[in-house]
Each structure stands twice: as structure tokens, then as C-alpha cells.
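Student: Structure for this input, please:
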Amino acid sequence: MKSLCVFCLALALPAMAADRARDLGIPFEGVPGTLNAITDVPGVTVGHATLHGKSSAGKAIHTGVTAILPRGAASGSTPVFGAWFTQNGNGEMTGTAWIDESGFIEGPIMLTNTHSVGTVRDAVIAYRVAQGDADASGYWWSLPVVAETWDGHLNDINGFHVKPEHAVQAITDAKGGPVAEGNVGGGSGMICHEYKCGIGTASRQISIDGRSYTVGVLVQANYGLRDSLRISGVPVGQHLRNDRVYSEEAEKPAETGSILIIVATDAPLLPTQLKRIAKRATMGLARMGSYAGNGSGDIFAAFSTTKPKSVTGSLSSTEFIGNDSIDPLFEATVQATEESIVNAMIAADDILDGIDGRYAKAIDERALIDLLKRYNRYQKPSGNP
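Tutor: Just a heads-up that it's a prediction; the model follows:
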């Protein structure tokens, strides 16, 4: 993998091109969408504000914000059915009490670092106020969904470098199409299984009773130890141990990381069913070798972009998939979650100038391919010689 050259003050930088897991011959189950990204779900957009550089005090900055807009520009005015789930709760996602109560997710879903949750939350409210007149009460009422993972191993997290304008940038830059992965947005300073990691995404196409649906997943991965790492069933972490040290002090790693998993679908589902979908993300995470350690914040959200079938005055109605037919959605969620995490690892680049002399290297792609071949798990990428 490439080393990320950092030479400037903190500012938003464009994403760097990178291979994805399938490009390396890593096999996965299921049929991906056209982009193999959360944006395969119609209407969903994603934006990043990425900060890499040095502070005025010379401290390393590797952080940012990622915005997921369930209905694109209409996300602020038209909520989606949604739910959330926590596998291990050493983390934060704001707005969850209202998601439980109402069954809706309103506005964008924002991902950032642990100490920037308040800044991003307030910025989302201020952005909404700036977009137009207040509601009938004279005030905008808003409980934004903002979630975090800790990037303090590489980033000067107590320097509070994420500003309101970065949250706004992530929202306003959100678009459909391919999604930048790796060292971007909220994933800029994240590490998983002792490798540089970050943002990753994937999707699956399924059919239920002759109707086609899409499940898309986006992760901000910052969890796990090396020994437990598995990729496509291969015990990678038990073999690739030579580059485990990722600080000058050779400090011993501990399972204190976290992961955020956002699941989107255009399948018509009720909030109770979306809660069940969110829970299935744990199984994709488990395929990677995670055991949700005591210090980990494993927090997931799921939403459906299907709108109510009809609205007449105070009475509305909708259709939804029966529970007896929901299994393909469960399976697609597990598959897309697993691939999203691997994509985050493959897309990430080395960071060698982290805070206090720390660094994190990306996974050795050549060594990974050799292991896949050794375990008969290598799948020749289409179009490759």
C-alpha cells in the first residue's frame, strides 16, 4: 500500500484512489450492486470532510466527518423508518432515544471522532435552521444522529480540529455514485485489527417473491486485535504478525476500539424489522474475528427508504415484507457488512506521522493474496491476467 504524505495544515483533501477487496481476489458470497456501495440503494448519498495535516502546534491531524443522507437532499424534511442496536456500548450515537420511541431516523447520519460528537451535532442543527423558516412552534426541533469511534491513537483528538464547517461540508458534498473509502471522512484516523482502516462500503442485490431489493452497508471501522483477524475464513491474523508494532514505543495493543455500521435498504420494512436487520450486522463483524471486547463501542443503525403507501389526513398506511420472507435481507446484511470492513482495510493507506510518534500501516496486500492462495480461497479477479 501507499504511504499517505502529510505536509500541510488541516484541510479537506480529496480521496485517494485505491483497490477494493474483490480487485485483489478476495472471495465473498452474494451478488453486489452496480457500485457495491451503500449508494446502490436509490436516493442514498454519502459525503466526507477529510482532515490530514499538522496543527499550529505541530501535532498530527488525521480525522474528519462522514455524512450518510438516507434521502439525499430531502433527508431533512422526509424521515425514514429506522432502528439502532448496540452490541457493546462503550461508544456514542446521539438521537437513539427518539429512534426507539418514534421508529424514524430524521436527517443525516453523521460519523466522526469521539470528541467531536457535540460539535457535529450542533452543526447539523445550525445547518437545518439556516436552510429555511422554522416550524410552527417558531423553532426547529431536531435530535441529530451523530456517532463516533476513537481516532486518538493517530490524531490529536484533544485538539478539537473538527469544526462546524466540516460537518456542513460532509452534508453538502454528499452525492450518489462511488463512495470514497479508507483514510477519508470519519475514518481518516481509524485502525482495525492493528492495521490502518477507516471507511468501507458494500451492497447486495436480492429477490423476494419476484421483487428485487438492495441492501447497502457503510462502516467506520476502528476495532479488533491482530490475532483474531479472519478474511474470507482465512486466519490472516495468525500468520501476518511481523508488522504488529505501530508506535515507536512498541506499546502493547489492547481491544479498545469500536465500529459503526449503517445498513440501508429499499425493501419495505417496519422499525421492528429494521432492529432485527441492525442486529445481523454483528454476524458480519464476527466473520472478521471480532468478539466485541469490553472497551469496544459496536453501534449499528438500519433504515428503509420506502415511503408510506398512502397518507390521508392523519391516517397513513404502508406495506412491508412479512417476517417469514425476511431471511434474504438478513443474509445480505451479514455479507455486505463483512465485505465493507475488508474494503475499509484494503482502501486504507499507511499513516506514519501520527500523534506522539505513532503510526499505522495498511495490510500487506501481497502477503494477503499469498495466504488466500495457500488456503485455496483466492478468486481470480475478472479482467485480471
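Student: Quick check: chain neighbours aside, which residue is closest to residue 213?
Tutor: residue 267 (4.0 Å; Cβ to Cβ, 6 or more residues apart in numbering). The way it works is simple: take the backbone N, C-alpha and C, and place the C-beta from them, glycine included.
Student: Quick one: neighbours of the residue lying closest to residue 159 once chain neighbours are set aside, just the number.
Tutor: Using Cβ to Cβ, 6+ apart and skipping the chain neighbours, the partner closest in space to residue 159 is residue 55 (5.4 Å). Neighbourhood size, residue 55 [other Cβ atoms under 10 Å]: 14.
Student: and what of the one 10 residues further on?
Tutor: Here the number of neighbours of residue 65 (other Cβ under 10 Å) works out to 32.
Student: Distance from the helix or strand harbouring it to the middle of the chain?
Tutor: With elements taken from DSSP states H and E, the one containing residue 65 is strand 60-69. Strand 60-69 sits 11 Å away from the centroid of its parent chain (Cα atoms, centre = their mean, to the nearest Å).
Student: quick revisit: distance of the residue nearest to residue 159 relative to residue 187?
Tutor: To residue 187, residue 55 is 20 Å away according to Cβ to Cβ, to the nearest Å.
Student: Just checking: what are the partner strands of the strand holding residue 65?
Tutor: Partners of strand 60-69 in the sheet, by DSSP bridges, are strand 45-54 (antiparallel), strand 109-113 (antiparallel).
Student: ok, residues contacting stretch 271-282?
Tutor: Around stretch 271-282, the neighbours that count as contacts under Cβ atoms under 8 Å, 6 or more residues apart in numbering are 81-85, 87, 103-104, 217, 261, 263, 265, 269, 292, 298, 300-304, 320-321, 323, 326, 329-330, 333-334, 337.
Student: Need the phi and psi values for the residue nearest to residue 159.
Tutor: phi -80, psi 170 (degrees, to the nearest 10).
Student: and the gap between it and residue 161?
Tutor: 7 Å.
Student: the strands in this structure, which residues?
Tutor: Taking DSSP state E to define them, one finds strands in the chain at 45-54, 60-69, 80-89, 104-105, 109-113, 145-149, 191-192, 195-196, 199-208, 211-222, 258-265, 297-304, 310-312, 315-317.
Student: Now do the contacts for residue 91.
Tutor: By Cβ under 8 Å, 6+ apart, the contact list for residue 91 reads 114, 147, 148, 149, 258, 260, 296, 297, 298, 299.
Student: For those residues, which single residue is the most surrounded?
Tutor: Neighbour counts for these peak at residue 149, which has 31 neighbours (criterion: other Cβ under 10 Å).
Student: Tell me the spacing between that one and residue 367.
Tutor: 26 Å.
Student: now swap in residue 167 and tell me
Tutor: For residue 167 relative to residue 367 (Cβ to Cβ), the value is 38 Å.
Student: Among those two, which residue is more densely surrounded?
Tutor: The residue with more neighbours, out of residue 167 and residue 367, is residue 167; 29 against 14, by other Cβ under 10 Å.
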